[in-house]
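Enquirer: Sequence plus predicted model, see below.
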Amino acid sequence: MISQFFILSSKGDPLIYKDFRGDSGGRDVAELFYRKLTGLPGDESPVVMHHDDRHFIHIRHSGLYLVATTSENISPFSLLELLSRLATLLGDYCGSLGEATISRNVALVYELLDEVLDYGYVQTTSTEMLRNFIQTEAVVSKPFSLFDLSSVGLFGAETQQSKVAPSSAASRPVLSSRSDQSQKNEVFLDVVERLSVLIASNGSLLKVDVQGEIRLKSFLPSGSEMRIGLTEEFCVGKSELRGYGPGIRVDEVSFHSSVHLDEFESHRILRLQPPHGELTVMRYQLSDDLPSPLPFRLFPSVHWDRGSGRLQVYLKLRCDLPPKSQALNVRLHLPLPRGVVSLSQELSSPEQKAELGEGALRWDLPRVQGGSQLSGLFQMDVPGLPGPPGQGPSTSAPPLGLGPASLSFELPRHTCSGLQVRFLRLAFRPCGNANPHKWVRHLSHSDAYVIRI
Amino acid sequence: MTDSKYFTTTKKGEIFELKAELNSDKKEKKKEAVKKVIASMTVGKDVSALFPDVVNCMQTDNLELKKLVYLYLMNYAKSQPDMAIMAVNTFVKDCEDPNPLIRALAVRTMGCIRVDKITEYLCEPLRKCLKDEDPYVRKTAAVCVAKLHDINAQLVEDQGFLDTLKDLISDSNPMVVANAVAALSEIAESHPSSNLLDLNPQSINKLLTALNECTEWGQIFILDCLANYTPKDDREAQSICERVTPRLSHANSAVVLSAVKVLMKFMEMLSKDLDYYGTLLKKLAPPLVTLLSAEPELQYVALRNINLIVQKRPEILKHEMKVFFVKYNDPIYVKLEKLDIMIRLASQANIAQVLAELKEYATEVDVDFVRKAVRAIGRCAIKVEQSAERCVSTLLDLIQTKVNYVVQEAIVVIKDIFRKYPNKYESVIATLCENLDSLDEPEARAAMIWIVGEYAERIDNADELLESFLEGFHDESTQVQLQLLTAIVKLFLKKPTETQELVQQVLSLATQDSDNPDLRDRGYIYWRLLSTDPVAAKEVVLAEKPLISEETDLIEPTLLDELICYIGTLASVYHKPPSAFVEGGRGVVHKSLPPRTTSSESTESPETAPAGAPPGEQLDVIPTQGDLLGDLLNLDLGPPVSGPPLATSSVQMGAVDLLGSGLDSLMGDEPEGIGASNFVSPPAAAVPANLGAPMGSGLSDLFDLTSGVGTLSGSYVAPKAVWLPAMKAKGLEISGTFTRQVGSISMDLQLTNKALQVMTDFAIQFNRNSFGLAPAAPLQVHAPLSPNQTVEISLPLNTVGSVMKMEPLNNLQVAVKNNIDVFYFSTLYPLHILFVEDGKMDRQMFLATWKDIPNENEAQFQIRDCPLNAEAVSSRLQSSNIFTIAKRNVEGQDMLYQSLKLTNGIWVLAELRIQPGNPSFMDLELSLKCRAPEVSQHVYQAYETILKN
């Protein structure tokens, strides 16, 4: 049972404070939380904290702290889930989640909280259900401002692609102005995959897994049915076989409870009546067997001259994507031994950049075309580094503290699992309005792409 | 209008302005004004002065405005109770509004106004709303009962709301059911005795049906409620499991974990041979793995739970090692938790993979993480014997890096490896000694000193090395000082000729120049030992040490079982029982797993005491022990625990003293000197008076005991009684008794045929019972039993049968079959047949366990007119496996401290006070302490039976 819920700004000012159970303590609790959080030692988990018999659980979202407190032994999972649902809900109702929108819509937020939680018991978090109860209308921010880049969310914020949805399109309240007929009927569908890879120093692949989800944000009138067609060769589990080719295989799939699966077995079609707002339609994961080659391979060579304290690192990065694809915002992060003082570099193309910072080398490659190969030669001075003794003055064994290298990148229009959305059909009759806009996107990005050196 | 001006600073007239706006005629203006008031309220401004004006806006048909006003009321009613009464009429009226939203809103808000005067007005509307036609109103009213109960419990009971609430469990709307369950669970927690949530197969069935229909949040309430139910048998457990399993694939992690909790708990009742058991195990892994791809906060909470699950049932995740590999971008708290789980899952099969990972981690940049990784390598060596050699060489590689903190951690863990595998890896000592100078952390220094002392005979310059530490003795931390003292004494005992001066020096440093009582006491103990009897000293100090094992960092089984019942709650994150962090006794009913079908494993075993305070073998030398990874070292710092009995007892006396045990008078209190010393004698004045005493009397106590342990005969056997009269069994008469001899239980039966026909084909079967008693062999009646013939049979029993709690506890239901029919009877067996031979608890353990068991579990009994004296009582009980651990005499009364252990591992501790009653009879007063207090009554009966016959 939740005792209190509050939202703090990034600086710790309370924006929303709601007490459900007449607890003593009042608003000082919010301050107490912030003090505790900022004073926590590094290796202790901030997820669940307690002070006397008051327990704090929080998440950070869009720079805000959403905090729930309880004094009982309840499920931290339900609190964490609830907080992230609340973040989504508030985003849906207020347009986007942020300090400004929250303070503009205090009354709405309280009204929502009252319906979501009664006496600290969660009642519902479904947008659809809440629609029946919510009276207050959202106060919307200025239409679109260039300065408001912080509100650019995942949806519609297509990076460097020809077809770009207006970046503010997805950040508007789901429920705003029931009378407003000019509202667009839009639906955004994202297939997002996160790729984690671990490559040993000898180049062998230790671990690879892909976490994928299909997310939907709908502004359609509720009750309209939608059919999402997935790649037909989509197989679940190790044994299933479909189509003639190797198929698109995932290990595990879970669906949102509103998805009808009657056509899934036969045609890989998901049928649902999406509620307003955001929804994760499907989650899946696969590990170990990737149908396509890994997007990047790194070939490092390290030369370490102990006598002169000179460390030379030569990195060759090969992109194994199909030639037409490209990777964006590629960044290689290589921790270096303590005390590295200077860096000289030779990079294979001018748009790249490399610099030292926080004990690590950062190599930025804004755009890497599929099939291309890039390289960088870095020379550093490391005075007074204890190297492995008992070996000659010059040895190629890497000194301590070097590596592992990690890569971060985005792969637009690419899914590592190969899963694609074939079609998105709406069984919806526009009432005098233009056809609804449908935006479908595929995107992969790195979660932890680590190469040991 | 832009509403940011809600937040402009308070000007002087703002309250007046708002007042005017609130009283405006225009609805829009009123609404805006209330919004402004609420915005001010949020940022902490006091707008309570506007109370009457806001309440005036309450009577409106605009729902939005009404909601805003109610919001304001909830906040300020408490501080303005008199004003709040003004609003009551509107509330009552709103509860009858045709619009269900308004009815629900009114009843919800009224419940949140925690003003006593309002509650009485609330009852009538609440009663109506509980029976409202609209489910939204009913579910709100259900929660309102819980609110009202919190304010005025008596009122809720008097008004009969609880019964109405119970009826709502059968409501047609799942949302109402969920809220009713949640409200009842909470109310039930504050009355642990009441039977509010009467869970029976019927109501469970209703809940399981509602489970499929209600929202995810309702599912959590229901699953948590199910977890409190104990199915009557394994079939019911299985059928509930089958219906709960689909929840494992839910997208909401809280639903998943609540389902895991139910399954983990009910699995206890399933037999491991069942196919279904295996299927269930397989189904548990994927949802747990999936949780690890969530955001770090959820991951962390999930990992803490997985840590418990892995300790309870490692088989679930044994193939999933890879998912626990640390990701480069994991937050540190997730990394550490993963590391811990990796060690728990390490086995011979995957150790190579794990070690390779750990070695990588040990070269990362984050110092904390690197340290933990090095320690983890040591734990691997201790856990998986086959890997020890590789671990040691990995550690040596790491030492070669010369990175200071890595070297120090490595030395600390190598010391543990020596403790586990003595005389195996000593070749590395030379390498360790090279790094002596770079050690600056107390723990590493202490570890190194221990190694030097332990292997002094193999290190040529051990005396020089130790002497070098001695120079700055007073600047060292206590941990190092204690270790140095011990090491030098060891060295002296091994090379007495060259080191006499050194040992004198350290003893005088420890006893005369130190004001640390631990150090001084240890110094005196060594000094006296050395001066009294160097041979004995050698046996004590150089005694073989017990091997350490990985168990030291496991959670104590009883606690683990309790925590398993709390999976998916805060308790599972803190790894503490809720009673440790929930105040006011709410929800702290102790939970335990249902008894297992094969209960040969113990549910209670004080041998592994709570990780926080292992009794006996730990001096309070090392201040904290919270971290599992740090645990292993501590074992050594206590005095050696094994060795010749004389040595053990005397040194442990010291330990007891240091622990400041309240029970230390147990050891007797007449002061008794120790013989004159011919070695170096300590300055007599400085000897603390109490030091000599316990040592001396400890010895005599010990001899007392050994004299008592003599005759080992079987336990008391009751005369045979008729269990099944002939008239009830078509002529078969069965009488019998139970015996226990040398560890085996048997049921001695006498079958008499009083019928006119021959009886053949005998067979016997037991119903499930509290301790799993079952026939160990079939009933063998070799020849047919002719009329009027009697046969005596001894049927061997074991205790690995199915377990079900019986009433009374020692009830046994038996079915006997012959060629005529099947007959049933039940009998009560004396509990002492279940007392096992190794029920003698270590003395230290006894003290610690006695203190550890809460006082509520203590039961007192009287045994009158016992014809025996203390000695006789002790030996009589001993032959029935009730062991006397200590004895003392207080004001003419003998006190015996005894322990016994049941076949299922439950320990019972007893204090027996023997006082003279009638001239030749004694009155005994028996206090029993046990973690399962329900057995006390039967143990008492066993005592009485044994002593009176």
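Expert: Looks like it came in fine.

Enquirer: what about B:S24, distance to A:S10?
Expert: Distance of B:S24 to A:S10, given as CB to CB, to the nearest Å: 37 Å. Where you see a C-beta, it was placed from the backbone N, CA and C, and this is true even at glycine.

Enquirer: Same check on B:R843?
Expert: Counting by CB to CB - B:R843 and A:S10 are separated by 58 Å.

Enquirer: neighbours of the residue of the stretch 751-900 of chain B found nearest chain A, just the number please.
Expert: Residue of the stretch 751-900 of chain B nearest chain A, by CB to the nearest CB: B:P854 (18.6 Å). Per other CB atoms under 10 Å in any protein chain shown, the neighbour tally for B:P854 reads 12.

Enquirer: Check the one 10 residues further on too.
Expert: Residues lying near B:R864 (other CB under 10 Å) number 13.

Enquirer: any idea which helix or strand carries it?
Expert: Using DSSP states H and E, B:R864 maps to strand B:858-866.

Enquirer: tell me which residues in that strand are buried?
Expert: Within strand B:858-866, the residues scored as buried using 16 or more other CB atoms under 10 Å in any protein chain shown are B:E858, B:A859, B:F861, B:I863, B:C866.

Enquirer: Contact partners for residue 274?
Expert: Just so you know, I chose chain A. Remark: with contacts taken as CB atoms under 8 Å, 6 or more residues apart in numbering or on different chains, A:P274 is in contact with A:V187, A:L216, A:S218, A:L220, A:S222, A:S224, A:M226, A:S258.

Enquirer: try chain B instead
Expert: Going by CB under 8 Å, 6+ apart, B:L274 touches B:D234, B:Q238.

Enquirer: how far does stretch B:724-738 stretch from start to finish?
Expert: Distance across stretch B:724-738, first residue to last, is 15 Å (CA to CA, to the nearest Å).

Enquirer: Work out the gap between that stretch and the centre of the chain.
Expert: Offset of stretch B:724-738 from its chain centre (CA atoms, centre = their mean, to the nearest Å): 45 Å.

Enquirer: now stretch B:839-855
Expert: Counting by CA atoms, centre = their mean, stretch B:839-855 is centred 16 Å from the centre of its parent chain.

Enquirer: Flag every buried residue along it.
Expert: Under the neighbour-count criterion of 16+ other CB under 10 Å, stretch B:839-855 has B:839-850, B:853 buried.

Enquirer: Flag the least confident of those residues.
Expert: On pLDDT alone, B:Q844 ranks lowest of those, at 78.

Enquirer: Run the angle between the one helix or strand that one maps to and strand B:858-866 for me.
Expert: Secondary structure from DSSP H and E places B:Q844 in helix B:843-852. With axes from the mean of the first three to the mean of the last three CA atoms, to 10 degrees defining the directions, helix B:843-852 sits at 110 degrees from strand B:858-866.

Enquirer: Just want the most central residue of chain B.
Expert: B:L559 (1.4 Å; CA atoms, centre = their mean).

Enquirer: Report the secondary structure state of that residue.
Expert: Put simply, B:L559 is helix when judged by DSSP: H, G, I helix; E, B strand; the rest coil.

Enquirer: Looks like it contacts B:P577 (just checking).
Expert: Yes - if you go by CB atoms under 8 Å, B:L559 and B:P577 touch, sitting 6.7 Å apart.

Enquirer: that older thread, of the contacts of A:P274, just the buried ones, PyMOL syntax please.
Expert: One line in PyMOL is enough to select the buried ones among the contacts of A:P274; burial here means 16+ other CB under 10 Å:
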select buried, chain A and resi 187+216+218+220+224+226
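
Enquirer: Next, work out how far apart B:K887 and A:I134 are.
Expert: 75 Å.

Enquirer: Could I get the phi/psi values of residue 405?
Expert: With no chain named, the answer covers chain A. phi -80, psi 140 (degrees, to the nearest 10).

Enquirer: these two touch, right, it and A:L336?
Expert: No - here A:A405 lies out of contact with A:L336, judged by CB under 8 Å, at a distance of 10.7 Å.

Enquirer: okay, and the common contacts of the two?
Expert: Residues touching both A:A405 and A:L336 (CB under 8 Å, 6+ apart): there are none.

Enquirer: from the buried residues of strand B:858-866, which is closest to B:E807?
Expert: Taking CB to CB as the measure, B:A859 is the one of the buried residues of strand B:858-866 closest to B:E807, at 17.8 Å.

Enquirer: who's in contact with that closest one?
Expert: B:S927, B:L928, B:K929, B:P933, B:S936, B:Q937, B:Y940.

Enquirer: Measure how buried the third one is and give me the count.
Expert: For B:K929, the tally of surrounding residues (other CB under 10 Å) stands at 22.

Enquirer: Let me know the pLDDT of B:L207.
Expert: At B:L207, pLDDT is 86.

Enquirer: go on, B:E550?
Expert: As predicted, B:E550 sits at a pLDDT of 64.

Enquirer: can you list the domain ranges for chain A.
Expert: Residue ranges for the domains of chain A, per the TED database: A:4-131, A:184-292+A:415-451, A:296-383+A:400-412.

Enquirer: and the ones you listed, which one's lowest on average pLDDT?
Expert: domain A:184-292+A:415-451 - the lowest mean pLDDT of those, at a mean of 82.

Enquirer: Not counting sequence-adjacent ones, nearest residue to B:Y425?
Expert: Once flanking residues are discounted, B:Y425 sits nearest to B:V392: 5.1 Å by CB to CB, 6 or more residues apart in numbering or on different chains.

Enquirer: swap in B:P100?
Expert: Nearest residue to B:P100, sequence neighbours excluded (CB to CB, 6+ apart): B:D134, at 3.8 Å.

Enquirer: Just give me the neighbour total for A:N435.
Expert: A:N435 - counted by other CB under 10 Å - has 9 other residues nearby.

Enquirer: and it, that one's in a helix?
Expert: No - assessed with three-state DSSP, A:N435 is coil; it does not lie in a helix.

Enquirer: three-state assignment of B:K887?
Expert: Three-state call for B:K887 (three-state DSSP): strand.

Enquirer: For it, the count of nearby residues, please.
Expert: When counting by other CB under 10 Å, one arrives at 21 neighbours for B:K887.

Enquirer: surely it meets B:D894?
Expert: Yes - contact status for B:K887 versus B:D894: in contact at 6.6 Å, counting by CB under 8 Å.

Enquirer: Give me the common contacts of the two.
Expert: Each of B:A870 lies in contact with both B:K887 and B:D894 under the rule CB under 8 Å, 6+ apart.

Enquirer: can you tell me if the lengthiest helix in chain A touches chain B.
Expert: What stands out as the longest helix in chain A, according to DSSP state H, is helix A:76-94. Yes - residues of helix A:76-94 contacting chain B under CB under 8 Å from any CB of the partner chain: A:P76, A:F77, A:S78, A:L80, A:E81, A:L82, A:S84.

Enquirer: for A:L411, what are its contacts?
Expert: A:P295, A:L321, A:S325, A:A327, A:L328, A:L443, A:S444, A:H445.

Enquirer: Let's verify the residue nearest to the first one when sequence neighbours are not counted: helix, strand, or coil?
Expert: So that's A:P295. Closest residue to A:P295 apart from its sequence neighbours, by CB to CB, 6+ apart: A:L321 at 5.3 Å. Classification of A:L321 using three-state DSSP returns coil.
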